[in-house]
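Asker: sequence and predicted structure are below.
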Amino acid sequence: MTIESPGGPSAATALLDVQRLRKVYEGKGRGVEAVRDLTFTVGAGELVCIVGPSGAGKTTLLRCVAGLLNSTSGKVVLEGRTVTGPPPGMAVVFQEYGRSLFPWMTVRQNVERPLKEKRVPKAERQRLVAEALDAVGLAGSHDAHPWQLSGGMQQRVAIARAVAYEPHILLMDEPFAAVDAQTRADLEDLVRALWKRLGVTVLFVTHDIDESVYLGQRVIVLSNSPTVVLEEVPIDLPDERDQLTTRSAARFTELRGHVYRLVQRAKDGHRPQD
Ligand SMILES: Nc1ncnc2c1ncn2[C@@H]1O[C@H](COP(=O)(O)OP(=O)(O)OP(=O)(O)O)[C@@H](O)[C@H]1O
């Protein structure tokens with residue numbers, strides 16, 4: 001099987017540029033080196049997935065990219081500016097939708113809240129909220145409260161909230177890990193549809209190899225902690241993807257097998273120079 005050499009834009013043309021990122025958690029007496037040396041770029045409008053074994057430092061990486069955690073060394077540059085706190089052009093969807101939505105607010109109020117903080121005028125806010133809820137298939141649930149919705153619907157609200165904010169880049173940290181398989185498939189297709197429709201750049205972290213190949217234009221495979229990039233795998237599947245045809249294509253199986261073997265080697269402690 002042929003896998004083309006790593007893709008990815010150059011640092012000069014990248015929307016997101018992660019340079020030699022290192023993160024050591026300082027504990028009592030000793031530090032935990034979660035991320036050793038991560039370098040990669042994401043171009044404007046790309047959909048890139050990150051996979052790696054459990055504990056590989058995926059969440060640590062995403063929190064550094066989102067400006068929620070300071071790195072020990074190296075830097076994250078978004079749209080030409082070094083990230084030192086949550087950047088204005090970024091939205092994040094976390095795995096724990098239950099905790100990310102305010103239970104006392106309606107769906108509409110949850111989606112609207114970041115727009116109020118951004119001081120978007122009322123009429124514009126109403127339009128953005130209605131469009132975002134429509135786009136995720138929740139046009140009829142504006143006045144519901146999160147606790148009245150299923151887990152999958154709650155995650156749709158979290159996605160709508162991120163999309164309404166009109167981010168330049170959307171970070172997603174294992175967003176579908178807690179929903180059932182059928183809902184997960186629907187939400188994967190929703191992410192692809194929104195990405196195409198809105199032209200937003202997406203960085204999607206998952207431990208699910210099939211999901212990374214199905215969603216991504218490129219898959220960045222991380223080594224075991226302390227983490228480095230093991231390989232960047234371009235996903236040369238047709239742009240039109242659907243759960244049945246794409247997942248049963250021979251090329252999907254090849255790519256999935258390739259990423260699977262990389263992750264297995266990562267679990268065994270393989271490093272790029274081995
Ligand atoms: N606050 C912290 N203090 C100390 N060590 C931490 C902290 N957060 C994470 N770690 C350690 O850093 C490493 C990477 O953790 P991280 O949660 O980023 O990995 P992950 O790839 O997201 O894991 P998973 O796939 O299981 O969610 C692990 O060894 C973890 O124990």
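Answerer: Right, received. Where do you want to start?
Asker: name the residues that touch the helix or strand bottoming out on mean pLDDT in the chain?
Answerer: Here the helix or strand of the chain ranked lowest by mean pLDDT, DSSP states H and E is helix 97-100, holding a mean of 76. Here helix 97-100 makes contact (Cβ atoms under 8 Å, 6 or more residues apart in numbering) with 93-94, 146, 151, 154-155, 157-158, 175, 178. In short, each C-beta sits where N, CA and C put it, glycine included.
Asker: now do stretch 24-37
Answerer: 20-23, 57, 60-61, 64, 71-72, 74, 225-228.
Asker: for the helix or strand encompassing residue 129, what is the average pLDDT?
Answerer: Element membership for residue 129, per DSSP states H and E: helix 122-135. Confidence for helix 122-135, expressed as mean pLDDT, is 93.
Asker: next one: stretch 206-225
Answerer: So the average pLDDT for stretch 206-225 ends up being 94.
Asker: briefly note if that stretch comes near the ligand.
Answerer: Yes: legend: contact between stretch 206-225 and the ligand by Cβ under 6 Å from any ligand atom is shown at 207, 225.
Asker: how about that stretch: buried residues?
Answerer: 206-209, 211-225 (16 or more other Cβ atoms under 10 Å).
Asker: do the same with stretch 187-203
Answerer: Buried residues in stretch 187-203 (16+ other Cβ under 10 Å): 187-188, 190-192, 194-195, 198, 200-203.
Asker: narrow the buried residues of stretch 206-225 to those in strands?
Answerer: 218-222 (DSSP state E).
Asker: just the element for residue 257, please.
Answerer: Here residue 257 is assigned to helix 250-267, by DSSP H and E.
Asker: in that helix, what's buried?
Answerer: 252, 255-256, 258-259, 262-263, 265-266.
Asker: pick the one among the residues you listed closest to residue 115.
Answerer: residue 259 (37.2 Å; Cβ to Cβ).
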